[in-house]
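Trainee: Please find the sequence and the predicted model below.
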Amino acid sequence: MKDLVETARDVRVNDFVIKIGNVNGTGSASANGLLMKSIFRMGVPVVGKNLFPSNIQGLPTWYEIRLTKDGYMARSGEVDLLVAMNAETYAKDLADVSPGGYLLYDSTWPRPDLHERPDVTAIGVPLARLCNAEFDNARTRVLMKNMAYVGAVAGLTGLDIAVIRGLVEEMFGTKAHLIDANMKAIELGLTYVREEFGEPLPLKVEAMDGTAGHVMIDGNTAAALGCVYAGATFGAWYPITPSTSLMDGYKAFCEKLRVDAQTGKKNFCIIQAEDELASIGMVIGAGWNGARAFTPTSGPGISLMSEFIGFAYYGEVPCVLFDVQRAGPSTGLPTRTQQCDLLLAAYASHGDTKHICVFPADPKECFEMAVASFDLAERFQTPVFFMTDLDIGMNDWMVPELDWDDSYVPDRGKVLNAEELETIERFYRYEDRDGDAIPYRTLPGEHPKGAYFTRGSGHNWKGGYTEDSAEYKEVLDRLTRKWESAADAVPGPVIIQSEQPAEAAIISLGGCDGAVREALDRLAGEGIHLDYLRVRGFPFCAEVDAFIEAHDTVYVVEQNRDAQLRTLLINETRAEKAQLISVLDYAGMAANPAFVVEGIHAHRASKEASS
């Protein structure tokens with residue numbers, strides 16, 4: 001491969017991708033996070049994507065850092081500098097590098113099998129040798145080798161070492177020996193590349209003011225914080241990737257914010273159940289008792305919870321289910337991302353069921369929509385599905401600082417207190433007294449008049465058991481009306497109108513948003529102008545219908561094989577099948593704009609060929 005000094009390339013400032021290939025279990029996450037946060041601290045917008053295996057350790061793992069001065073939030077699909085720390089994946093790592101890019105590898109050992117690519121520059125840094133000379137403990141040497149490549153990348157790209165040191169000091173607090181050890185390793189890599197290669201690469205990090213008013217946070221942490229702010233006091237779950245960290249976050253926040261300073265009493269309850277069936281049963285019981293209750297899970301958990309979900313729907317018990325979607329079916333790919341539970345959630349359980357769903361696109365919306373989900377669950381007395389995915393839930397995102405309105409009052413819905421019960425002659429749990437399809441509920445022990453029996457079997461509006469067809473149908477019809485009325489209460493869609501007359505439109509949701517927005521800019525640069533609507537709630541409101549009717553062609557962009565959002569739009573709006581053109585990506589990777597652009601080009605080419 002070419003020597004570094006022979007590289008001739010235009011300088012790119014704050015607009016390139018670093019990818020690190022390593023082995024799971026070697027402690028690389030801290031080093032990778034340090035790199036990304038250092039870039040963020042320099043004011044450069046940044047995106048971090050983690051690709052990790054589902055075993056504990058030993059398999060390959062990759063971390064991708066995109067510097068994006070224009071503020072794009074999607075994975076780019078390009079790799080400009082690849083740090084290859086896993087000898088077993090050298091061939092794959094080299095193949096991933098974009099033409100004209102760079103491969104940094106540990107040259108401690110000769111690599112005669114390092115494949116030649118004349119359009120890629122190989123940079124050898126003896127990371128292991130440098131660390132072995134300075135550190136005695138075997139485990140320390142492995143960990144410090146990761147910090148050494150942080151220093152090497154800093155030297156090659158111009159990262160501010162003072163910013164890195166500040167973050168290291170934050171990481172280790174008062175543990176001076178750990179600060180010194182990590183900084184020594186970082187200096188080893190930094191000094192080596194400066195002495196051996198002199199000038200940095202034409203991939204430069206320069207301080208800018210693109211991150212002011214923003215934070216780095218993952219969706220699971222943001223959603224957990226939303227649960228606390230919403231007033232949720234009960235959570236039950238069975239651990240499952242990629243949702244477990246949501247409950248971990250909730251527990252950590254509650255231990256800081258929900259413990260009485262005087263008595264030490266905890267005013268929250270978290271239970272790790274023996275399985276998903278038990279967890280949703282506990283959540284329904286807590287919701288029936290008046291607690292704001294939730295469970296975090298993923299597709300396999302929703303499958304197991306199905307019968308209980310139907311009970312909560314039919315018995316009209318509020319609860320929130322956080323579905324952090326992963327690739328299926330069955331066990332599928334537990335550490336890959338998809339949007340493949342849309343139909344499962346919308347119609348969960350046997351029989352005629354329809355559920356309220358919300359679709360956040362980033363961690364800020366995870367915080368906000370977590371609060372909204374509890375309000376919706378209690379207002380409509382029903383399960384609410386909070387539909388996120390692994391990319392949103394587990395990756396760090398740069399988002400505007402989270403806002404909170406201290407005047408917020410939870411919407412508890414129609415709950416009769418003792419005084420109100422005293423004034424009525426008789427309470428019937430499923431009576432539609434107001435004509436809005438939402439009955440009144442009571443909480444246990446509030447008043448003898450408020451007692452009722454919750455049935456998962458056939459019941460009439462009085463709450464009594466029935467097998468009468470007309471009474472059964474009356475309840476089902478009211479449930480339908482109640483669900484339909486939620487269309488105006490769920491988060492409304494985000495609509496972006498093209499600056500030029502649009503020839504077609506895009507509808508998408510969730511984690512596809514960043515890729516779609518960047519694709520819109522790319523397509524506009526080619527003279528292809530499109531309007532865009534991002535769905536944020538189900539049932540769909542009238543704006544979704546109107547948007548579809550205003551366009552002859554609507555591209556439906558989503559991350560699953562079976563076009564599940566398109567199916568929902570066909571089922572629940574007036575859209576014609578021929579109007580809705582699927583653009584699908586279901587490989588399990590975070591969405592990037594290329595698949596959107598290529599999908600639209602493919603349809604346009606097919607349409608032109610057939611005309």
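Mentor: Arrived safely, thanks for sending. Numbering: from 1, shown residues only.

Trainee: drop to CA atoms for contacts and neighbour counts, all remaining ones
Mentor: Noted.

Trainee: Just confirm Val228 contacts Lys256, I think it does.
Mentor: No: applying CA atoms under 8 Å as the test, Val228 and Lys256 come out as separate, 10.7 Å apart.

Trainee: These two: which is more packed in?
Mentor: Set Val228 next to Lys256 and count neighbours by other CA atoms under 10 Å: Val228 wins out with 23 against 10.

Trainee: Could you pull up the residues touching the more buried one?
Mentor: Neighbouring residues of Val228 by CA atoms under 8 Å, 6 or more residues apart in numbering: 250, 253-254.

Trainee: any idea which of those residues is the one closest to Val168?
Mentor: Using CA to CA, the shortest approach to Val168 within the contacts of Val228 belongs to Phe253, at 23.8 Å.

Trainee: Which of the three states applies to that closest one?
Mentor: helix (DSSP: H, G, I helix; E, B strand; the rest coil).

Trainee: circling back: quick check: of the contacts of Val228, which has the highest neighbour count?
Mentor: Among those, Tyr250 has the most neighbours (other CA under 10 Å), with 23 neighbours.

Trainee: ok, that residue to Tyr229 distance?
Mentor: Between Tyr250 and Tyr229 the distance, using CA to CA, to the nearest Å, works out to 10 Å.

Trainee: cool, Phe595 as well?
Mentor: The value you get for Phe595 to Tyr229, if CA to CA is used, is 37 Å.

Trainee: Model confidence at Asn55, what's the number?
Mentor: Here, the pLDDT recorded for Asn55 equals 74.

Trainee: If you could redo that for Met1, that was the one I meant.
Mentor: The score at Met1 is 41. That number is its pLDDT.

Trainee: With respect to Ala609, which of the contacts of Val228 is nearest?
Mentor: Distances from Ala609 to these, taken by CA to CA, are shortest for Tyr250, at 54.2 Å.

Trainee: ok, the residue nearest to that closest one when sequence neighbours are not counted - contacts?
Mentor: Nearest residue to Tyr250, sequence neighbours excluded (CA to CA, 6 or more residues apart in numbering): Ala224, at 4.6 Å. Contacts for Ala224 (CA under 8 Å, 6+ apart) come out as 246-247, 249-250, 253, 367, 370.

Trainee: Grab the CA positions of the longest helix anywhere in the chain and hand them over as CSV.
Mentor: Counting residues, the longest helix found in the chain (DSSP state H) is helix 176-197. The C-alpha coordinates for helix 176-197 follow below in CSV (Å, rounded to 0.1, in the frame of the first residue of the first chain):
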residue,chain,number,x,y,z
ALA,A,176,-5.5,9.9,39.8
HIS,A,177,-3.7,6.6,39.0
LEU,A,178,-6.3,5.7,36.4
ILE,A,179,-6.2,9.2,34.8
ASP,A,180,-2.4,9.0,34.6
ALA,A,181,-2.4,5.4,33.1
ASN,A,182,-5.0,6.2,30.4
MET,A,183,-3.4,9.5,29.5
LYS,A,184,0.0,7.8,29.2
ALA,A,185,-1.5,5.3,26.7
ILE,A,186,-3.2,8.1,24.8
GLU,A,187,0.2,10.0,24.6
LEU,A,188,1.9,6.9,23.3
GLY,A,189,-0.3,6.7,20.3
LEU,A,190,-0.3,10.4,19.8
THR,A,191,3.5,10.8,20.0
TYR,A,192,4.1,7.9,17.7
VAL,A,193,2.0,9.2,14.8
ARG,A,194,3.3,12.7,15.2
GLU,A,195,6.9,11.5,15.0
GLU,A,196,6.5,9.0,12.3
PHE,A,197,4.0,10.7,10.0
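
Trainee: could you say what helices and strands it packs with?
Mentor: strand 121-125, helix 127-132, helix 138-157, helix 161-172 (3 or more CA pairs under 8 Å, 6 or more residues apart in numbering; DSSP states H and E).

Trainee: Report the buried residues of that helix.
Mentor: 179, 181-190, 192-193 (16 or more other CA atoms under 10 Å).

Trainee: Please apply the same query to stretch 574-593.
Mentor: Neighbour-count burial for stretch 574-593 [16+ other CA under 10 Å]: 575, 579-586, 588-593.

Trainee: So which of those belong to strands?
Mentor: With strands taken from DSSP state E, the overlap with these comprises 580-584.

Trainee: Between those residues, which sits nearest Val168?
Mentor: Looking across these and measuring by CA to CA, the closest to Val168 is Leu584, at 41.2 Å.

Trainee: wait, doesn't the closest one sit right on Leu565?
Mentor: No: taking contacts as CA under 8 Å, Leu584 lies outside contact range of Leu565: 10.4 Å.

Trainee: now the protein, which segments are flagged as low pLDDT?
Mentor: Residue ranges of the chain with pLDDT under 70: 1-9, 56-57, 112-113.

Trainee: what's near enough to touch the residue nearest in space to the middle of the chain?
Mentor: Taking CA atoms, centre = their mean, the centroid of the chain lies closest to Ile392, which sits 1.5 Å from it. For Ile392, the contact set (CA under 8 Å, 6+ apart) comprises 218-220, 361-363, 511.

Trainee: Nearest to Arg481 among those residues?
Mentor: Among those, and counting by CA to CA, the member closest to Arg481 is Ala361, at 28.1 Å.

Trainee: Taking the buried residues of stretch 574-593 together, which two end up most distant?
Mentor: Ala575 and Met589 (29.3 Å).

Trainee: what about the closest residue to Pro444 other than its chain neighbours, neighbour count?
Mentor: Leaving aside its chain neighbours, Pro444 sits nearest to Asn289 (6.1 Å; criterion: CA to CA, 6+ apart). By other CA under 10 Å, 16 other residues sit near Asn289.

Trainee: Looks like Asn289 contacts Leu443 (just checking).
Mentor: Yes: using CA under 8 Å, Asn289 is in contact with Leu443, at 5.8 Å.

Trainee: Next one: Arg536 from Ala212, what distance?
Mentor: Going from Arg536 to Ala212 by CA to CA gives 27 Å.

Trainee: higher neighbour count, those two?
Mentor: Arg536 (24 against 14).

Trainee: Pull the contacting residues for that one.
Mentor: Contacts of Arg536 by CA under 8 Å, 6+ apart are 358-360, 490-494, 509-510.

Trainee: could you redo the last one with a cut-off of 7 Å?
Mentor: Applying CA atoms under 7 Å, 6 or more residues apart in numbering to Arg536 gives the contacts 358-360, 491-493, 509.

Trainee: and if you look at Pro110?
Mentor: Contacts of Pro110 (CA under 7 Å, 6+ apart): none.

Trainee: Against Pro126, how distant is it?
Mentor: Per CA to CA, Pro110 is found 10 Å from Pro126.

Trainee: same check, this time on Ile186
Mentor: 13 Å.

Trainee: what do you get for Pro202?
Mentor: Pro202 is 22 Å from Pro126, by CA to CA.
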